Structures are given as C-alpha cells and as structure tokens.
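A.B. asks: the following block contains a protein sequence and its predicted model.
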Amino acid sequence: MLEVVSKTIKSCLDELSGLPRTQIGFLTFDSTLHFYNMKSSLTQPQMMVVSDIDEIFLPLPDDLLVNLSESRSVIDVFLDSLPSMFLDNGNVESAFGPALKAAFMVMSQLGGKLLIFQSTLPSLGVGRLKLRKSDPHVSGTDKEHALRVPEDLFYKQMAADLTKNPCKYTGGQVYYYPNFHVALHHQKLRYELSRDLTRETAWEAVMRIRCGKGVRFTTYHGHFMLRSTDLMALPAVDCDKAFAMQLSLRTHYLQLRLYFFKLLYFLDLFEDIHSIRNSCQGASLASIRHTSSSGERRIRVHTAAVPVVTDLGEMYRQADTGAIVSLLSRLAIEKTLSSKLEDVRHSVQLRIVKSLKEYRSLYAVQHRSGQG
C-alpha cells in the first residue's frame, strides 16, 4: 500500500490546486512519530523521531510544512525512498492517536486537508482501540448498535478541535479496502487518492439556511459539525459531497405559487441577508462562506423556483429519486448507531410503503386512467 500511495501522490503534485501557494508535509508513525524536515536548502529530507507519544512536541515547528514549488526536489526524493524506508520494519504498533494530534499541531496555524493511511488498529497512546469481536448473543438484540458506536470519545473531541481551526465532523470521508492486496486494490486506491488530491476544494466553509414563511428546515444530514441549531461547519467541502436536509411546511402560509430557494456562497465576513431575504417573497437562503484554493473571495447566488401545487400527482411526477434514496440512506445509517440492523431495514421499508400508500389513497384512485 505504501508504494501505491507514494507513487500516486508524486504523480499528482503538479495537479494540486492552489499552486504556487500550496504547502505540504509528511508524518509517519509506528510506536514513535517520525517528522520530516524538507527545507528547500536540503538535498534530501531529514527524519526526526519523537518517542514520547504522551507529551508530543514539534521538533522543527517552522520547517514541517514547506512550499511545494520551492521544495519539490526534496519531496520527490522523499516519496521515491518512502516505500523502502520501512520495508524491513518489524514494529507493528500504531500510535495513531498521537500522530493525529501531532498533525493537528503542525496544521493548526494554516489549516488545510489531512490524509491518513492506516492499516492496523490503533494500539498505543490516546485513541488506542481494542478489537471488538461480534458477540453472537448480542447480534439481533437491542444492544447490537453498541458495536457501531465509537468506543473512545477521543476521536469526536479531536474532530471538534480540528473544526475550531478552520471523516463526519470535519467534512472528510473514509475509503475502505478490506484485506488490502496490491494486485486487487491498487487501481482503486490510485484513482480515489488522485481524485481526492486534485479535485477543487473549498476551505473554512460555514453554511446556514434561512427560510421564508411557511418553510422551516428541521434536520441536517451529512459530514459536518453542527455548531448551533442551523449553523453547519464545513472545514473542507468539494463537488463530491452532498448534504440532505428535511423541512417542514406550515400549510396556511403556502399561498404563493412559487417558492424561491437561493443558495449563496460567501467568503467575506459580511452580508446583507435582510435585503436579500426581502427581495423575493417566500425565499429560503443557504449562505456558505468559504475560501477557494487560490485564496479568492467570491459570492455566488443560485436560485431555484419551486412551485406550490394542489395536484399530488404532479408532486410525485417531479420527485427526485436520487435525492430520496440519498436521504433515506442517511437516515438509515444514522439509525444504525442506536438500533439493530433489522429495525433499520424495517424503518426504511416502512417509509417507502407509507409514501406509496399515500400516493395510492390520495391520488391514484381518483386519477387511475390518467396515470396508467
């Protein structure tokens, strides 16, 4: 896996967004932490080992993140030599938690994206985990969901710390390669890593949805940190990410023929929401503040007009199947953290059956000939 990762990263260096401002750094770990000095004045990287994983410190705080363009030759040497550096390493311990804290310390002043490649269960320091075997007596019972709940709160707290310095709470994702084998998985790993490194990303984003009369967003689903009842923190967001929201309607307010949903992208720290909100009656505004990879400040407005109809069949014809499946999937995944899988499957089936039942009872009987 290390060889595939090294070659893929090297092949993507010229395509990273943000050049020539891009900064990059590397950290490896087993039972100790290995930092790398890659100053442009060096001919090859210098490894610095920190063995105290309980009291972590940065050996060279100013030289662990370097400018990619200026230190390109040193970075190339490092990536070429990385697979052979640990080829005969018999240390199978994993100080993953301390390594995560160290990476946070390195990035805290600038922010950015953190990619972690992990092949063993964390075994040392904070965040260490024990292998939890599935108990046959627990499977199918009300205690089954406990196996899917994080055993250590360290990771959720770490995610909260990371979002304060602008996989779920940090807007990230997990790529899983069970029983990794180079011959079987190297193409998939190469593609997914290349895509993750080169796709356009917005940084330090904050999103909030505001609604006009008659519409109210009640719940939010996706990879983000909900800082308040309606403020979504998105440290990194890209075109491959999707978010689902559930809304409630107050029918006595739905007297308009059209409802406008405006999606605004903000980077600057100011906006006149009041004037925008009053510009079209019945508006819902999703404001997103973010930084582009090039450091530009932009404001984008996307408006969608949603008609209010009295014909239920028209609503069913215009329903977005992909969006419905996406929402149901998110609801099911979240429910697995508190219920057994059998109950989760049943809840999804029940929601679908209820939707079809409503369609049949309220529309299909009256318009059978028209619907076919």
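C.D. replies: Good, I have the coordinates.

A.B. asks: let me know the pLDDT of A233.
C.D. replies: According to the per-residue confidence, A233 scores 84 in pLDDT.

A.B. asks: tell me how many other residues surround E55.
C.D. replies: When neighbours are counted by other CB atoms under 10 Å, E55 registers 7. For the C-beta atoms, the positions are set from N, CA and C on the backbone; glycine is no exception.

A.B. asks: for V126, see how far away it is.
C.D. replies: When distances are taken as CB to CB, to the nearest Å, E55 and V126 turn out to be 11 Å apart.

A.B. asks: helix, strand, or coil at the nearest residue to V126 once chain neighbours are set aside?
C.D. replies: Take V126 and drop its neighbours on the chain: the residue closest to it by CB to CB, 6 or more residues apart in numbering is G97, 4.0 Å away. Here G97 is recorded as helix under DSSP: H, G, I helix; E, B strand; the rest coil.

A.B. asks: list the residues that contact G97.
C.D. replies: Residues in contact with G97, defined by CB atoms under 8 Å, 6 or more residues apart in numbering, are 122, 124-128, 154, 158.

A.B. asks: one more pass at 7 Å, please.
C.D. replies: For G97, the residues meeting the contact criterion (CB atoms under 7 Å, 6 or more residues apart in numbering) are 122, 125-128, 154.

A.B. asks: out of these, flag the one nearest to L184.
C.D. replies: Lowest distance from L184 to the contacts of G97 (CB to CB) belongs to P122, with 25.0 Å.

A.B. asks: any idea how far the closest one is from R72?
C.D. replies: Distance check for P122 against R72: by CB to CB, it reads 33 Å.

A.B. asks: residue ranges of each domain in the protein, please.
C.D. replies: 2-198, 201-371 (automatic domain parsing).

A.B. asks: next structured bit after the helix or strand hosting A103?
C.D. replies: Under the criterion DSSP states H and E, the helix or strand holding A103 is helix 96-107. Tracing the chain past helix 96-107, the next element assigned as helix or strand by DSSP H and E is helix 154-164.

A.B. asks: against which helices or strands is the helix or strand following that next one packed?
C.D. replies: Where DSSP H and E defines the elements, the next helix or strand beyond helix 154-164 is helix 182-198. Packed against helix 182-198 by the contact rule (3 or more CB pairs under 7 Å, 6 or more residues apart in numbering; DSSP states H and E) you find helix 2-12.

A.B. asks: re the thing from before, would you single out the least confident of the domains of the chain?
C.D. replies: Comparing these by mean pLDDT, the weakest confidence falls on domain 201-371, with a mean of 71.

A.B. asks: pull out the buried residues from stretch 183-190.
C.D. replies: By neighbour count, with 16 or more other CB atoms under 10 Å as the criterion, the buried positions of stretch 183-190 are 185-186, 189-190.
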